[in-house]
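Participant: Here's my sequence, what's the structure:
(chains A and B)
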Amino acid sequence: MSYAADQPPTSATRRRAQVVAARVHTPAPAAVRPQYQGLVTRGIALALDAALINLVAVTVGVAVALILSALGLRNDFDPIAAEGGGAAYVLWSIGYFTMFWSSTGQTPGNRLMEIRVVKADDGGVLSARRALLRFAALVLAALPLFAGFLPILVNDRRRGLHDALAGTVVVDAPRAAEAAVVTPPAARQ
Amino acid sequence: MRTARASSGLALRALDAVTLTAVEAALRSRTAERVVDRLVASPLTERAVSRALAGPLVEAVGREVVHSAVIERLADTALDDEALDALLAGPAVERIVAHTIHSRVMDEAVTQLLESEELWILVDEIARSPAVTEAITQQSIGFADQVADGVRVRSRHADTWLEGAARRALRLKRAGRVPDEPAAGPSPQ
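Facilitator: As a prediction, the model looks like this:
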């Protein structure tokens, strides 16, 4: 009989043993099949994002206009201000979608509707480049009276033109499941 | 001289005792009871009571009640007594309370209470208390969550319905939703 076997198990040893036992005896979670999200859900999320983008843009625009008028520069700088404002709006929109898609895969609108944009091939988070491409494709899909979104209705994975071009899908992302993933079982006990 | 004083004192005490015995006997007699009954029933007593109540006697009694702390003494005695619990639990008190609530006194009391400034100061204090504000915040969040849940559920139903309609219009078969599953990799969640 070895020396270690003679010793009573310490609390650390016991805890390690419990962790190993839990890992061995707990069945591996079944692969969660993502549920692809449809046109209405995604449309609502996009509308919420558009509302948020415009709210921020209008707030900033009004603030800038007030500052310019206070400085007495507004009349002289009208064309420049308009072009600058337009450019800032486009950049803000691009930055908004690109940043959220490439960081968490969820814009605030997506989060409210509990959906997420992921790569179609491996379900991973989009790179910034792919997110940028998706935004360009989104604009392209929206240009012909949103006809680019119609394939969502008939595609098996509910992919629109922009999804096909950027290699993405939109899946469900319930918050309860996220909390379960984020909080490890040990921390929950 | 001393003997004469002693004998007269003895005689007075004996007379006193005899008188008291006679009075007690008279009070215990049926005749005394009948006399009292007639006195109480007679209009003379009624007039006497009316005059007494109309005169300064009531004020004098009230002053004495306050001066001698009669109410406090009665309350102390009553609160120590189990009879009070029995009295409060009885139907008589219930009837009195119900009668009071339905009486005009209650309406007037409520009206005066609502008109008093102190009440609104109290309400304001309660409304601004951390416990109340926290409860309202929690309820608002809960309500917003409920609304968002409702929108999500309805949008998903709408997705299904819209796709069904689109497929019927295009005479497409309802295909399996996931023919090209994302490869194993990071979870889409």
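
Participant: Run through the strands of chain A in chain order.
Facilitator: A:115-119, A:168-172 (DSSP state E).

Participant: Pull out the buried positions in the first one.
Facilitator: Neighbour-count burial for strand A:115-119, counted by 16 or more other Cβ atoms under 10 Å in any protein chain shown, picks out A:115-119. All C-beta spots, glycine's among them, are computed from the backbone N, C-alpha and C.

Participant: Output the strands of chain A in TSV, with mean pLDDT and distance to residue B:86 appended to each entry.
Facilitator: Shown next, in TSV, are the strands of chain A (pLDDT from 0 to 100; distance: least, Cβ to Cβ, whole Å):
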stretch	mean pLDDT	distance to residue B:86
strand A:115-119	95	67
strand A:168-172	95	65
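
Participant: could the ones you listed go into a markdown table alongside distance to chain B?
Facilitator: As requested, these are exported to a markdown table (distance: least, Cβ to the nearest Cβ, whole Å):
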| stretch | distance to chain B |
| --- | --- |
| strand A:115-119 | 4 |
| strand A:168-172 | 5 |
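
Participant: okay if I get those strands as TSV plus distance to residue B:16?
Facilitator: Converted to TSV, the strands of chain A look like this (distance: least, Cβ to Cβ, whole Å):
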stretch	distance to residue B:16
strand A:115-119	108
strand A:168-172	107
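
Participant: where does the chain dip in pLDDT?
Facilitator: Just going to use chain A. Chain A contains residues with pLDDT under 70 at A:1-12, A:23-32, A:74-77, A:176-189.

Participant: try chain B instead
Facilitator: Along chain B, segments meeting pLDDT under 70 span B:1, B:78-81, B:173-189.

Participant: residue boundaries of the helices in it?
Facilitator: Using DSSP state H, the helices of chain B run over B:2-28, B:30-41, B:43-54, B:57-67, B:70-80, B:82-89, B:91-102, B:104-115, B:117-128, B:130-170.

Participant: for the fifth one, which positions count as buried?
Facilitator: Right, helix B:70-80. Under 16+ other Cβ under 10 Å, helix B:70-80 has no buried positions.

Participant: so how far is residue A:44 from the one residue in chain B that gets nearest to chain A?
Facilitator: Closest to chain A within chain B is residue B:159: 2.7 Å, counting by Cβ to the nearest Cβ. Noted for residue B:159: a distance of 10 Å to residue A:44, by Cβ to Cβ, to the nearest Å.

Participant: thinking again about what came up before, got the buried residues of strand A:115-119 as JSON lines, with distance to residue B:64 columns?
Facilitator: Formatted as JSON lines, these follow (distance: Cβ to Cβ, whole Å):
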{"residue": "A:115", "distance to residue B:64": "84"}
{"residue": "A:116", "distance to residue B:64": "85"}
{"residue": "A:117", "distance to residue B:64": "89"}
{"residue": "A:118", "distance to residue B:64": "91"}
{"residue": "A:119", "distance to residue B:64": "96"}
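
Participant: Can you read off the backbone torsions of the residue nearest the centre of chain A?
Facilitator: With distances taken as Cα atoms, centre = their mean, chain A has residue A:106 as the residue nearest its mean C-alpha position (1.6 Å). Phi and psi for residue A:106, reported as degrees, to the nearest 10, are phi -130, psi 120.

Participant: what's around residue A:22, how many residues?
Facilitator: 11 (other Cβ atoms under 10 Å in any protein chain shown).

Participant: okay, which residue is most central for chain B?
Facilitator: Chain B has residue B:97 as the residue nearest its centroid, 8.0 Å off, counting by Cα atoms, centre = their mean.

Participant: Let me know which of the helices of chain B is tucked in deepest.
Facilitator: helix B:130-170 (a mean of 12; mean count of other Cβ atoms under 10 Å in any protein chain shown).

Participant: Now do the helices in chain A.
Facilitator: Going by DSSP H, chain A shows helices at A:3-6, A:11-25, A:39-71, A:78-103, A:108-113, A:128-142, A:151-154, A:161-166, A:175-182, A:185-188.

Participant: Enumerate every residue touching residue A:51.
Facilitator: With Cβ atoms under 8 Å, 6 or more residues apart in numbering or on different chains as the criterion, no residue contacts residue A:51.

Participant: rerun that using 10 Å as the cut-off
Facilitator: Applying Cβ atoms under 10 Å, 6 or more residues apart in numbering or on different chains, we find residue A:51 in contact with A:108-109.

Participant: likewise residue B:114?
Facilitator: Residue B:114 neighbours (Cβ under 10 Å, 6+ apart): residue B:120.

Participant: Nearest to chain B: which residue in chain A?
Facilitator: For chain A, Cβ to the nearest Cβ, closest residue to chain B: residue A:38, 2.7 Å.

Participant: these two touch, right, that residue and residue B:165?
Facilitator: No: in this structure, residue A:38 is not within contact of residue B:165 by Cβ atoms under 10 Å, at 11.8 Å.

Participant: residues in contact with stretch B:143-154?
Facilitator: Contacts of stretch B:143-154 (Cβ under 10 Å, 6+ apart): A:40-41, A:44, A:48, A:111-115, A:172, A:174-175.

Participant: ok, now with 7 Å
Facilitator: Residues outside stretch B:143-154 that contact it (Cβ atoms under 7 Å, 6 or more residues apart in numbering or on different chains): A:44, A:112-114.

Participant: Please report the distance of residue A:156 from residue A:118.
Facilitator: From residue A:156 to residue A:118 the distance is 16 Å (Cβ to Cβ).

Participant: re the thing from before, could you single out the nearest of the buried residues of strand A:115-119 to residue A:64?
Facilitator: residue A:117 (31.2 Å; Cβ to Cβ).

Participant: I'd say that closest one and residue A:126 touch.
Facilitator: Yes: using Cβ atoms under 7 Å, residue A:117 is in contact with residue A:126, at 6.4 Å.

Participant: The nearest residue to residue A:149 once chain neighbours are set aside: neighbour count?
Facilitator: Spatial nearest neighbour of residue A:149, excluding adjacent residues (Cβ to Cβ, 6 or more residues apart in numbering or on different chains): residue A:160 at 4.7 Å. By the criterion of other Cβ under 10 Å, residue A:160 has 25 neighbours.

Participant: Sweet, I'm off.
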